[in-house]
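Engineer: only geometry, no sequence info:
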């Protein structure tokens, strides 16, 4: 791992501050969680995660309302908000992140082009959802999403 990576910076600061995290991942399919476990002592920071790639897992495991998915789609602030709420009920942590997006090469629309990602954070009782659009191939979109999540989580915990 690059010692200057976003995940590395987040990991070290979270460990120093005694902050734990958990993830609900759709488009990133476990990449956020997997990246953090590369660091020795990651169990002090990572409490767990849910890979909710399918809508049925978003509903059954995270408690996202079927009507939310029907009305707004999987890649929406409403769905990511529901993912965060459900995750916080499942796994006690200090900070949470949830991701749902369209990495391509198919699945994009005029309203939600390939590269559209909804990224949510829950920290100190406050929820924030960001809509970002990344460019590039599938693996580049996923990489940019992972970096973005770790960068923003570091910003949140350092205030």
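Structural biologist: On my side now, so go ahead. These numbers come from a predicted model, not from an experiment. Numbers count the residues shown, from 1 in each chain.
Engineer: Give me the below-cutoff pLDDT ranges for the chain.
Structural biologist: By pLDDT under 70, the weakly predicted segments of the chain are 1-3.
Engineer: Which residue ranges of it form strands?
Structural biologist: For the chain, applying DSSP state E gives strands covering 21-25, 46-51, 95-101, 116-123, 126-133.
Engineer: any chance of these in CSV, plus distance to residue 38?
Structural biologist: Quick note: C-beta positions are derived from backbone N, CA and C, even for glycine. Converted to CSV, the strands of the chain look like this (distance: least, C-beta to C-beta, whole Å):
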stretch, distance to residue 38
strand 21-25, 15
strand 46-51, 11
strand 95-101, 17
strand 116-123, 21
strand 126-133, 24
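Engineer: now those strands as JSON lines including mean neighbour count and distance to residue 147?
Structural biologist: Formatted as JSON lines, the strands of the chain follow (neighbours: other C-beta atoms under 10 Å; distance: least, C-beta to C-beta, whole Å):
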{"stretch": "strand 21-25", "mean neighbour count": "27", "distance to residue 147": "14"}
{"stretch": "strand 46-51", "mean neighbour count": "20", "distance to residue 147": "17"}
{"stretch": "strand 95-101", "mean neighbour count": "27", "distance to residue 147": "12"}
{"stretch": "strand 116-123", "mean neighbour count": "23", "distance to residue 147": "11"}
{"stretch": "strand 126-133", "mean neighbour count": "14", "distance to residue 147": "11"}
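Engineer: Can you list the helices and strands that the lengthiest helix in the chain packs against?
Structural biologist: When the chain is parsed with DSSP state H, its longest helix is helix 138-158. Under the contact criterion of 3 or more C-beta pairs under 8 Å, 6 or more residues apart in numbering; DSSP states H and E, helix 138-158 touches helix 6-17, helix 31-36, strand 95-101, strand 116-123, strand 126-133.
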